[in-house]
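In: build the 3D model from these lines:
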Amino acid sequence: MRGVLIAFEGIEGSGKSTQAKRLYSFLQAQQIPCIISYEPGGTEIGNQIREILLSVKNKKMHRKTELLLYLASRAQHVYEKIMPALAQGTVVVTDRFSLSSMAYQGMGRDFSFKVVSRLNNFAIAGIKPDLTILVDLPVPIGLGRTEKRSGEKLDRLEKERYEFHEKIRRAYLNLAKKAPKKIMVFSGEKNEQDLFTEIKEKIEVFLKKRGII
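Out: Reported below is the predicted structural model:
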C-alpha cells in the first residue's frame, strides 16, 4: 500500500513547524510507520542548497535563481527521501512542499502560477501531497514571533519586506479556496495545544479513510 504525504504550509512564524513535529510524535505513539522532513533541505544535498537560499549574504540572488534552487532541493528531496518512503507505505510529514513555491515564488516573486506549476511538476515527478495543512496567521503576528525567536539571526526570506509576506499569505488563502478538499486551513492564532487537537482530529479522519489507522 502506498504511503501518505502530508505537507504543512504557512507564512513565517505561523507555527506550522511545531504542528508538523507534534503530528509526527502522535503518529509514532500510534506505531504508524512515519518520517518527518522539511524544505528547503531534507537531504544532504538539499541542506547545502538551503544554506545558499537562506543566507543573508546572497542579497543579489535573482528570482529565477531562487526558484530553480528551491526546485532543485525539492527534486532531490522527492527522489531520495519521499518516494522511497511512500513506496514502503510510510506516512511522510513534511514542513513545506510544492505549495510553498506557488506562494513564495509564484505570488511573492511575481512569477505566473502557470510557470511555477509546470516547473514544480517537473521537479516532483507526480508526487503531490495527499493532504496539506495550511496554518494561517496575520502577518504582523507571524513576523513578531519570528523576530522574537530569531532576534538578529533572521534569514534572507524572513528579512523580506512586509508587503512580500502579505502577498504570500494572500496566495496561500487563494490557493486553499481553489482546492478545499486537499488544503485544510487552520488558525495559527489558537494556542499550540488547541490547534494541534483540531488538526489531529481532521487527520485521524483522513487516515481512517485511507485505511492507515
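In: so which residue is dead centre in this structure?
Out: With distances taken as Cα atoms, centre = their mean, R96 lies nearest the centre of the chain, 1.4 Å away.
In: does that one touch Y38 like I think?
Out: Yes - counting by Cβ atoms under 8 Å, R96 does reach Y38; the two are 6.4 Å apart. C-beta coordinates here come from the backbone N, C-alpha and C atoms, glycine included.
In: hmm, back to that, pull the contacting residues for the residue nearest to the centre of the chain.
Out: Under the criterion of Cβ atoms under 8 Å, 6 or more residues apart in numbering, the contact list for R96 reads A7, F8, E9, K16, Y38, E39, P40.
In: surely the third one is in contact with L173?
Out: So that's E9. No - judged on Cβ under 8 Å, E9 makes no contact with L173 at a distance of 10.9 Å.
In: hey, what's the residue lying closest to D130 once chain neighbours are set aside bridged with?
Out: Nearest residue to D130, sequence neighbours excluded (Cβ to Cβ, 6 or more residues apart in numbering): V4, at 4.8 Å. In this entry, V4 is beta-bridged to V91, by DSSP bridges.
In: okay, V4: pLDDT?
Out: According to the prediction, V4 has pLDDT 98.
In: circling back: distance to L54, neighbour count and secondary structure added to the contacts of R96, as a markdown table?
Out: Listed next are the contacts of R96 as a markdown table, based on distance: Cβ to Cβ, whole Å; neighbours: other Cβ atoms under 10 Å; DSSP: H, G, I helix; E, B strand; the rest coil:
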| residue | distance to L54 | neighbour count | secondary structure |
| --- | --- | --- | --- |
| A7 | 19 | 25 | strand |
| F8 | 18 | 29 | strand |
| E9 | 17 | 28 | strand |
| K16 | 16 | 23 | helix |
| Y38 | 12 | 19 | strand |
| E39 | 11 | 22 | coil |
| P40 | 8 | 26 | coil |
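In: name the SS class of T197, please.
Out: For T197, the secondary structure call by DSSP: H, G, I helix; E, B strand; the rest coil comes out as helix.
In: that one - how many residues pack around it?
Out: The local packing of T197 (other Cβ atoms under 10 Å) involves 12 other residues.
In: measure it to F186 for me?
Out: Going from T197 to F186 by Cβ to Cβ, to the nearest Å gives 11 Å.
In: next up, the contacts around the residue nearest to T146 when sequence neighbours are not counted.
Out: Using Cβ to Cβ, 6+ apart and skipping the chain neighbours, the partner closest in space to T146 is G13 (4.0 Å). The neighbours of G13, taking Cβ under 8 Å, 6+ apart as the test, are L137, I141, G142, L143, G144, R145, T146, R149.
In: okay, how far is it across stretch 128-137, tip to tip?
Out: End-to-end distance of stretch 128-137 (Cα to Cα, to the nearest Å): 24 Å.
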